[in-house]
Every structure is written in C-alpha cells, then in structure tokens.
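In: Sequence and predicted structure, then a few things I'm wondering about:
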Amino acid sequence: MNDQRPEIPVLTGDMQREVDRSAITSGLPSSVLMESAGRAAAAWLLEELQPRSAVILAGRGGNGGDALVVARCLAEEGVPIKVFLLHPRSEMSTDAAEMADRLAGVAPESIRPLDLPSEDLDRALRRTGWIVDGLFGSGLTRPLDRRHAALVTRIETSARPIASLDLPSGLPSDTGEVIGPTVHADVTIAMEFLKPAHLLFPARSACGRIAVARVAYPPEILAAVRPVANVLTASGVRRRLPNRLPAGHKGTFGRVVIVAGSLGMSGAAILCARGALRVGAGLVTVACPTAINDILETAVPEAITLPLPDEGGRLTAAALDPLIEAIAPADAVAVGPGLSRHPEVQAVIRRLLPHVSTPLVLDADGLVAFTDHREALGKRPSPLVLTPHPGELGRLIDTPPETIDAGRIEIAQRFAGDHGVTLLLKGRPTVLTTPGAAPLLNPTGNTGLATGGSGDVLTGMIVGLLAGGAAPADAAAAGAYLHGAAADRLATTIAERAITPSDLLAALPETIAEVERCS
C-alpha cells in the first residue's frame, strides 16, 4: 500500500456511506464523488498494470458506477474495453446510470447487457488482459444468490487477472469472513479508506495486492472521520523513528538492557540483542545466566554481557539484586526471550517489575510470568509494552487462541485499556493498541515470520527504538512494520518458507533506509 498518509483509516461499510452522505450534504454532488473515485482507480490501473485490454463488469450501485468511470477513462486512453452491465440502465442507481450514459458517448459499441449464460461474456473473459470487477461493493451482507454465484464462477475460471474495485465481489466489508462464492482478486483498489475485510483473514486472502485510490472528499469531512482502526504506512513509520542527532554518540542513542536466555535458549538472547543493535541502540547489555555468557560474548561481540547467578543454566533468585543494579542506568529494558518458565525464574521476573523505572518490553517467558498475576501489570512505575502472540495473550486472559484471532482487534483494545499498557498482538494483522487511541494495524509481513526466533528479533527492535527515544506506541508500531517489511523484502528473492530470523536481521538495514527516504 503506497500511501503518503501517516495512517490509512479503516471504516466499516456503514461508516463509509455516512462519510459519503456528509460530503454530499456539504454540497459535493454524489456524481462528482463517483467520478473522483473512478478516475483515481483508473489512474492506478493505467500506471501500475498498463492493461492491454479490459473487461469491465458493472453492478447497479456505486461500485458499478465507479467501474463505468474506470471504463471511460481506459477507453479515453486507447485501451480496448468491453463492458457488461449486470442490470439494465432503468434498474441502476441515478449516478451509475449517468456514468453508463457518459460511457456510451465514448465507446457505445463496447456496452452490452449481461444475460447468463453468455457466450459473449465467456469469450471476452478468455481474451482480455484484465477483468475489472465492479459488481458488488461494501453493502453486501449475505451470500450471493445462485445467478450471481454462477457469474463469480465464470470470472474465477477464466484464468485472467482480476482487479476488484473497493472489495472483491462476494465479500462482506466488515469482518474477515468469507460467507459464500467470492471473487479472488489479484488486485483490490480500495476507495480512500480500507475496510476490515481488506485486513482480516480469511477475507484478506481474496483481496490480493491492495491499493488505495484517493477520493476528493472535502478536508473537513476527512478530519471528522473516527475510524475503527488505522493502518500503518511507511510514511507514518518514518515519523515514528527516533531522531539521530549528527553530533550524537553511543550514550545519546540509548542504553538497552536485555534480560534473556537460558541453557539451550541462548539463541533467543542473541537474536534479541542483534535486533536492538540493528535499529540503532547505542549500548546493548545482555543480562544472562553465567552458563551461556561465553556463547553470548562470542555471538554478539557488539554487546556487553552481564553473567548472573544461575543453576542448571537458568537464573536463580540471587540474580535479582544484580539485575536491579544493572537496569538502573538503562533507557529501556526487555525481559523474557528464552529465560525459562521455571518457577524461580518466573518469580524473579515478577519481583523485578516494580524496580524498572524506564520503558519495559515483556515478551515470551516474561509474559508467562504474569499468567496468574496480570493485576501486577497495571501497578508498574514505567510504561509497559507487551508483545504476545495469540497463545500468550490467551494464557493471560484464559481464552483460546482461536478466539483471540477471531476478535483480535476488540480483544487487544480491551486488554490494553483494562491494564493501561501498550499491547502488540502479533499475527495477521498484527494489532497495536494503547488506552484511548484507535488500534493500529500493521500491513507488512508474511509466513516467513512464522518461525522460532522471529519474535525475539522484534522484541530487540522495539526495545532498541524505545532506548533511542521513541514513545512506547511508536516504538512498537515502527518495530512491527520494519520487521514485517524486512520479511516482505526477502520474499521478493527467496521463498517465504526459507526465511530465517538471521535473514531478517540482514535485511533490516536496507528496509530501514527505504523507510527513512519516505516523504
């Protein structure tokens, strides 16, 4: 999603229709809105896809009207088109019928009614460069009937690339559900705003690549929008990165203490430390059991190590006092990766929490320590960032992971509000919630992140950004975006299944540089 806004608002279908009504009430004709949306979508298609020909399928409402504007713009640019109307003009909305009339003045021979079965349609679909799907938009709330389902099947079996306007036909806008036969688009062009279906699975899988066409809404209308969530953009992430002063030094760029690792889990501490270093932390100290100290010193020579009292390769209660002393000068602290779930270690984590006066990231075993003690999370003296996956959050609130996934935005928002924390719920999409703010959704990432150690890199990135001066929500948002964007960069040259956490670390410098170049 190439968008220069810091965030892209996410609206339900009803919310977008209310925005349209407000714009029209303010004096902007609905036909002008439709023209703006269609022209913006056509401009994207012409620039990004350069179609050699197109078949446009237009429904009776606003989505069909947008499609007819797209058809006219393509025809004006010399692209051969064929347009099929799902309904006669007499049954179309006033604006959609007007757009059909305008198209008739440009390419009258291209417009034909859609009667199924249609050999004319089948022939056109087989021969076209692109199919533009403008049949059904965000108003759909029930499965398509038999006739329209058969049409979707014809589109799907044509084996031609599909560009859907607003939403792939057959998808409801407000959930991640797939409720019946649905177009599976190669590209979906959303209109100014995103919908939940663009982001939540399994509906997200039907959308393909997602672009956003800017619509000429009055600025005051846009300023009044209160979205259900916002989606991060590269431009917004750049603004969240901490500044790097030209005269800065290692102290200026932040002191990090990472409490991590145990025998057999030294890799978690290593990856976390490298993540913090890759985002620019000035000084990184890894506090670890003595048993793995030599491994850490060899694997991460850029970091300082603090060997702590241990037994069997995991921390003991005697580690608490030196830990309290070590974190005192830190600008940010991370606790948890690979620490162990041994009861003595878990007790050390809980007893350490009140002594951390700087921003703290809890992950992995650091989260497990509060499974039966989550009331303590709201009593800490410093900002707290939690980075659970659905299983870890599920343990905290005694809820199955599948239930967390099904309601990830609402559940994350409620947890953050109840406990006064910044919560980054990992998954697709990763959800960032803070009390009193609209949730942020991260659009980057792929299945290459679904491997052990990936989350340790992310924890290091977040604590490194915190130490550099980013606010907790900004550090979590930027860390998640860059982490996923590194995986996306890698997926252009290697298989997602082959991506490792070390690959992510190697891809971060170019990924960060690309974001820093955003306007």
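Out: Structure's in. What do you need? Predicted model, so just to flag it, every value in this text is computed and none were measured.
In: Would you map the helices across the stretch 251-400 of the chain?
Out: Taking DSSP state H, counting those that start in this stretch to define them, one finds helices in the stretch 251-400 of the chain at 266-278, 293-299, 320-327, 343-352, 365-368, 390-397.
In: what helices or strands is the fifth one leaning on?
Out: Think helix 365-368. helix 343-352, helix 390-397 (3 or more C-beta pairs under 8 Å, 6 or more residues apart in numbering; DSSP states H and E). Backbone N, C-alpha and C define where each C-beta goes, glycine included.
In: re the thing from before, just the helices of the stretch 251-400 of the chain: most buried one?
Out: helix 266-278 (a mean of 28; mean count of other C-beta atoms under 10 Å).
In: Most distant residue from the centre of this structure?
Out: residue 109 (42.9 Å; C-alpha atoms, centre = their mean).
In: Check the gap between that residue and residue 82 for me.
Out: Distance, residue 109 to residue 82, using C-beta to C-beta, to the nearest Å: 9 Å.
In: Start and end of stretch 365-379, how far apart?
Out: Terminal residues of stretch 365-379 lie 19 Å apart, using C-alpha to C-alpha, to the nearest Å.
In: I should have written stretch 369-381 there, sorry.
Out: 18 Å.
In: Pull out the buried residues from that stretch.
Out: Within stretch 369-381, the residues scored as buried using 16 or more other C-beta atoms under 10 Å are 369-370, 374, 377, 380.
In: Residue 22: which of these is nearest?
Out: residue 377 (40.1 Å; C-beta to C-beta).
In: Now that closest one. Nearest residue, chain neighbours left out?
Out: Excluding the flanking residues, the one nearest residue 377 by C-beta to C-beta, 6 or more residues apart in numbering is residue 419, at 4.8 Å.
In: Next, give phi and psi for the one you found.
Out: phi -110, psi 0 (degrees, to the nearest 10).
In: before we move on, what about residue 112?
Out: According to degrees, to the nearest 10, residue 112 has phi -150, psi 150.
In: Contact partners for it?
Out: Counting by C-beta atoms under 8 Å, 6 or more residues apart in numbering, residue 112 touches 82-85, 120.
In: how is the chain carved up into domains?
Out: Under the assignment automatic domain parsing, the domains of the chain span 7-227, 238-516.
In: Residue 80 and residue 124, how far apart?
Out: Counting by C-beta to C-beta, the gap from residue 80 to residue 124 is 10 Å.
In: For stretch 385-396, C-alpha coordinates in CSV please.
Out: Taking C-alpha atoms only, stretch 385-396 is exported to CSV below (Å, rounded to 0.1, in the frame of the first residue of the first chain):
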residue,chain,number,x,y,z
VAL,A,385,4.9,-2.8,26.2
LEU,A,386,3.6,-6.4,25.8
THR,A,387,4.2,-8.4,22.6
PRO,A,388,2.2,-11.6,22.8
HIS,A,389,1.1,-13.9,20.1
PRO,A,390,-2.5,-15.2,20.5
GLY,A,391,-1.4,-18.2,22.6
GLU,A,392,0.5,-16.0,25.1
LEU,A,393,-2.4,-13.5,25.3
GLY,A,394,-4.8,-16.4,25.6
ARG,A,395,-2.9,-17.7,28.6
LEU,A,396,-3.0,-14.2,30.3
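In: what does the average pLDDT come to for that stretch?
Out: If you average the pLDDT over stretch 385-396, you get 96.
In: before we move on, back to that, can you pick out the ones from the contacts of residue 112 that are in strands?
Out: Within the contacts of residue 112, residues falling in strands by DSSP state E are 82-85.
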